[in-house]
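>>> What follows is a protein structure lacking sequence information:
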């Protein structure tokens, strides 16, 4: 039995209301025609900080009691979770410490700093990051908010799908991308609570297919050397997210790099939505025919793409 | 007194309902902060054919009596109007003839053909285009639907602003880009009918500033040698659109090319919306401080940008 329950998603939705956008659900005749399904896009690319991550971070920060919150929060992240945690902490008026490798792009550091967080430099290895977080926790008394190995974060991420299910009835399938498993776990819980006949499908880069291999083999397989443009999906599942996935996710579809890039280009060109590669993985699963048809919800996880270097433009990467 | 009235916009809205999307109105904290206003984006980039043009074309085609409609419709266009007319005709089940210069990009020809229209090739000059349309009209009995010098088209274009005004109350300003003047004229009529205290501001490329010069001088100045990336805004006003503009538009703000490109980049990066250069002109007017603040509606006219050649990427253009 997973330690986090469908009711936790409902509670998260009530807790974070007013702190996150209720993002629009958009449709596209072009996309429907291209994949032979009726597709409903839950546009978390239009979410605050440009990604669903603000949902989980906000739920976690708002779940802390006042004394704990006052000590601040911390995480290591070079991506969307760092920005999300920084903003969630600012909204509660408590300090945030974000550990970032000194190699992180200046634009990402500026975004985290712009939300008022303290940036703590570290080396690029996972060990260096974890050590730096441990130091911060000791020095400041802050509470670590893990990007996905946390029930409060998982429940928060599930609120995107909850809103989708409230707005669109009778979905046959919901597709979400899989990295560390926070989003797909929350999605599966929302479905279990509100539309149990809907099938939950994960989408994962073929170059970072630990969740696919874990679900197929029944044993958690770590993601050791991810090779994918989808930088949000390079993490490994945790025992916590794997437990939810095993219990509630029907299938993890893998998507090749070329299909991820094609799907990203399709979204930009035809739906006029800027989506990041991680979000394009879910669309790529659909366009590739790996997802059952009918009425299909897609969690478009984020829009934080590098608009100066487009992967489909020759010589850009 | 202009020959087209606010009530024509209301009638157009009823006529085209179900044939065009009611596009979402989105907001962006980043954009609000950058321009010191509360901005409401009417997302016609998410419209069918990727632009507001489907509104006017549909209203015009649906306004024809059955016998006239059966003869088909025609226009010369290498841009969004050609696609819009092709789709509007297909929806009514009547032929469309779109005159396009043989130099038009293959992707635009394919789009028009994809909607079932007959493409008629011509030389690139305006005279050649007009001659080709005249030939089509004689040969087929089709009715010409001009992209903006047409009351039915103007009224149709105004429905975007009408929806915006229905959704967002108490707008201080509405900004729309100005090319031939169809969109701004329709916008002004919608405002006159539903929110007469709202100020209507046009936005125009500095390199194609005929409307600005016309409004300032009180005489229609043709656009003789437009130089702008905003390919949708290179046309000249007509007497018809100039009459509406003189009666109802407070100001035409001009925007330099560099500011158009910056605004386009801002929209893609921060709001995650793909907008075409013409739509970015309206945002550029706002970011440049040329528009009064407060609650500002912006008609994001379209999203048909060339995603393989981004104007802010070095060496791309």
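Yep, that arrived. The shown structure was predicted, so the numbers you read here are calculated from the model rather than taken from an experiment.
>>> Leaving out sequence neighbours, find the closest residue to the closest residue to chain B within the stretch 1-150 of chain A.
Proximity of the stretch 1-150 of chain A to chain B (C-beta to the nearest C-beta) peaks at residue A:45, 4.7 Å away. C-beta here means a position set from N, CA and C on the backbone, and glycine is covered the same way. Nearest non-adjacent residue to residue A:45, counting by C-beta to C-beta, 6 or more residues apart in numbering or on different chains: residue A:303, 3.0 Å away.
>>> so what's that neighbour up against?
Residue A:303 makes contact with A:45, A:46, A:50, A:51, A:273, A:274, A:275, A:276, A:279, B:272, according to C-beta atoms under 8 Å, 6 or more residues apart in numbering or on different chains.
>>> same thing but at 10 Å, please
Residue A:303 makes contact with A:43-47, A:49-51, A:80, A:267, A:273-276, A:279, B:268-273, according to C-beta atoms under 10 Å, 6 or more residues apart in numbering or on different chains.
>>> For it, give me the pLDDT.
Note for residue A:303: predicted pLDDT of 96.
>>> The residue of the stretch 1-150 of chain A closest to chain B against residue A:301, yeah?
Yes. Using C-beta atoms under 10 Å, residue A:45 is in contact with residue A:301, at 7.5 Å.
>>> Give me the common contacts of those two.
Joint contacts of residue A:45 and residue A:301 (C-beta under 10 Å, 6+ apart) are A:51, A:52, A:275, A:276, A:279.
>>> Out of these, list just those in helices.
Among the shared contacts of residue A:45 and residue A:301, the members falling in helices (DSSP state H) are residue A:279.
>>> Chain B next: which of the shared contacts of residue A:45 and residue A:301 are close?
With C-beta under 10 Å from any C-beta of the partner chain as the criterion, those include A:51, A:275, A:276 near chain B.
>>> Would you enumerate the residues in contact with the first one?
Contact partners of residue A:51, counting by C-beta under 10 Å, 6+ apart, are A:44-45, A:79-81, A:83-84, A:183, A:232, A:276, A:278-279, A:300-304, B:272.
>>> which residue packs closest to it, ignoring adjacent ones?
residue A:302 (3.2 Å).
>>> Contacts only, for that neighbour.
Listed by C-beta under 10 Å, 6+ apart, the contact partners of residue A:302 are A:43-47, A:49-54, A:79-80, A:177, A:183, A:232, A:274-279, B:272.
>>> Could you pull up phi and psi at it?
Here is the backbone geometry of residue A:302 (degrees, to the nearest 10): phi -170, psi 170.
>>> In this structure residue A:277 contacts residue A:261, no?
Yes. Residue A:277 is within contact range of residue A:261, at 7.6 Å (criterion: C-beta under 10 Å).
>>> what is in contact with these two at once?
A:229, A:230, A:284, A:311.
>>> distance of residue A:260 from chain B?
16 Å (C-beta to the nearest C-beta, to the nearest Å).
>>> Please name every helix or strand in contact with the helix or strand where that residue lies.
If you go by DSSP states H and E, residue A:260 is part of helix A:257-266. In terms of contacts (3 or more C-beta pairs under 10 Å, 6 or more residues apart in numbering or on different chains; DSSP states H and E), helix A:257-266 is packed against helix A:29-35, strand A:199-205, helix A:277-287.
>>> Apply 7 Å and report the result again.
Secondary-structure packing of helix A:257-266 (3 or more C-beta pairs under 7 Å, 6 or more residues apart in numbering or on different chains; DSSP states H and E): helix A:277-287.
>>> Tell me which other helices or strands the helix it packs on touches.
By 3+ C-beta pairs under 7 Å, 6+ apart, helix A:277-287 packs against helix A:29-35, strand A:173-177, strand A:199-205, strand A:251-255, helix A:257-266, strand A:295-300.
>>> Quick one, which of the ones you listed gets closest to residue A:126.
Closest to residue A:126 of those is strand A:199-205 (C-beta to C-beta; 18.8 Å).
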